[in-house]
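Participant: got a sequence here, can you model it:
(one chain, ligands or ions: 1)
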Amino acid sequence: MTTFCGIELAHPIVNGSGTFDAIAARRAFGDALLERFPFAAFVSKTVTVEPRGGNPAPRLWETPAGLINSIGLPNKGLRGYLEQDLPKLAELPVPLIVNVMGFTREEVATLVDAFAQREEVAALELNVSCPNVETGLIMGADPSETAKLVERVRPLTTKPVIVKLTPNTTDVGAVAEAAEAAGADALSLINTLKGMALHPRGDGSPWLGGGTGGLSGPAVRAIALAQVREVASRCRLPIVGMGGVQTARHARDFLQAGATLVAVGTESFRDPLAAARIAAELGFETAASRSFSLQNTHR
Ligand SMILES: Cc1cc2nc3c(=O)[nH]c(=O)nc-3n(C[C@H](O)[C@H](O)[C@H](O)COP(=O)(O)O)c2cc1C
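Facilitator: Have a look, this model is predicted:
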């Protein structure tokens, strides 16, 4: 058992937002997904107030040790999420953490307020990797922007508020301290690092439809580990550490660097049961890890 912000979890491995589509997986695998769910809590993809179509294709570029994505946060918007996604995600056998993002503080407040009323939701994660259209500053790259955002939304809910920090800032520890002082309950890091790839035809144009994208996977792991250690040394809040985790050894590194939970993101695209494998290797038995070891025995 692991306790995170008062929530009891079977083990410390969760998913990174946007890297595991539980609704599509349920369609594909049926109730077997519920019986062998790989994560101890499920973090939903970012929800915005208005529906978003996402960025034009192409949206992915594979690097030698990672992935650049420019998905552009497609989602059904708050109303569509509440009506269509939330009832399905509430059927998952683990606590649900809803990840939200707004382009102004008021938009984030609207989202937090809406989810505060829903008992299906165990906690909220604020994705602060986007610009505040009113100030032009990336909300999570600037300590005072982060503090103002957390101060605005903190009184709206009694649920734990997790601030998902961006690595695209000069001093992640200062942003973490600002979030803590403003009332955050936990911190998660890292989100993706800004990156780009040029079109293979060689004319210097960007490959990704969105121009630039976010780099994730093994390529970012050393940076993520350093940032988790830095934040853990400057804050007392529980941390969800992530960035390139592929094995139990990597997860243990994050736990030793100061994380309470570890999220698996890009690795789930290669191996959808990666989280269960990692939890089993760490010594936690789950329904999914039991069937995982059975599969191994039969090999
Ligand atoms: C395809 C893809 C989509 C993502 N979508 C989101 C998202 O909607 N919201 C968010 O906060 N982070 C999103 N992320 C970031 C991940 O949750 C995670 O922070 C990051 O990828 C680092 O972990 P990893 O190296 O294990 O993937 C996304 C990452 C990928 C690769």
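Participant: tell me the secondary structure at T3.
Facilitator: strand (DSSP: H, G, I helix; E, B strand; the rest coil).
Participant: for A147, that is, sorry about that
Facilitator: helix.
Participant: list the contacts for it?
Facilitator: A178, A179, A181, A182 (Cβ atoms under 8 Å, 6 or more residues apart in numbering). For every residue, glycine as well, the C-beta is placed using N, CA and C.
Participant: paired strands for the longest strand along the chain, with orientation please.
Facilitator: Counting by DSSP state E, the longest strand found in the chain is strand 121-127. If you go by DSSP bridges, strand 121-127 pairs up with strand 96-100 (parallel), strand 161-164 (parallel).
Participant: ok, of the contacts of A147, which come out buried?
Facilitator: A178, A179, A182 (16 or more other Cβ atoms under 10 Å).
Participant: host element of the second one?
Facilitator: Read it as A179. helix 172-181 (DSSP states H and E).
Participant: next helix or strand past that helix?
Facilitator: strand 186-189.
Participant: the ligand versus the closest residue to T135 other than its chain neighbours, what's the distance?
Facilitator: If you skip the residues right next to it in sequence, T135 has E145 as its closest partner in space, 6.7 Å away by Cβ to Cβ, 6 or more residues apart in numbering. Remark: distance between E145 and the ligand (Cβ to the nearest ligand atom, to the nearest Å) = 17 Å.
Participant: can you tell me which residues contact E145?
Facilitator: V128, N132, T135, L137, I138, M139.
Participant: neighbour count and distance to E281 for those - can I get that in a markdown table?
Facilitator: Putting the contacts of E145 into a markdown table (neighbours: other Cβ atoms under 10 Å; distance: Cβ to Cβ, whole Å) gives the following:
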| residue | neighbour count | distance to E281 |
| --- | --- | --- |
| V128 | 26 | 32 |
| N132 | 21 | 41 |
| T135 | 14 | 44 |
| L137 | 13 | 41 |
| I138 | 18 | 36 |
| M139 | 27 | 36 |
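Participant: from those residues, which is closest to Q84?
Facilitator: V128 (25.6 Å; Cβ to Cβ).
Participant: how about the residues of the stretch 101-250 of the chain near the ligand?
Facilitator: Neighbours of the ligand within the stretch 101-250 of the chain, by Cβ under 6 Å from any ligand atom: N127, K164, I190, N191, T192, S216, G217, V220, M242, G243, G244, V245.
Participant: so the third one makes contact with I223?
Facilitator: The one in question is I190. Yes. With contact defined as Cβ atoms under 8 Å, I190 and I223 form a contacting pair (6.9 Å).
Participant: distance check, the residue lying farthest from the centre of the chain against the ligand.
Facilitator: Relative to the mean C-alpha coordinate of the chain, counting by Cα atoms, centre = their mean, the farthest residue is D203 (34.6 Å). Plainly put, D203 is 26 Å away from the ligand if you go by Cβ to the nearest ligand atom.
Participant: can you check K148 too?
Facilitator: K148 is 20 Å from the ligand, by Cβ to the nearest ligand atom.
Participant: nearest residue to that residue in space, please, no chain neighbours.
Facilitator: R105 is the one closest to K148 (Cβ to Cβ, 6+ apart), at 6.5 Å.
Participant: per-residue pLDDT of that neighbour, please?
Facilitator: At R105, the model reports a pLDDT of 96.
Participant: the residue of the stretch 101-250 of the chain found nearest the ligand: neighbour count?
Facilitator: Taking Cβ to the nearest ligand atom, the ligand has its nearest neighbour within the stretch 101-250 of the chain at S216, 3.2 Å off. Counted with other Cβ atoms under 10 Å, residues neighbouring S216 total 29.
Participant: wasn't L215 part of a strand?
Facilitator: Yes. Under three-state DSSP, L215 sits within a strand.
Participant: quick check: bridge partners of it?
Facilitator: Bridge pairing for L215 - DSSP bridges - gives I68, L193.
Participant: A65 touches A222, doesn't it?
Facilitator: No. Using Cβ under 8 Å, A65 is not in contact with A222, being 10.7 Å away.
Participant: quick one: which of I190 and I223 has more around it?
Facilitator: Remark: of I190 and I223, I190 carries more neighbours, 29 against 16, as counted by other Cβ under 10 Å.
Participant: check contacts around the more buried one.
Facilitator: Per Cβ under 8 Å, 6+ apart, neighbours of I190: L165, T166, P167, V172, V220, I223, A224, Q227, V228, M242, G243.
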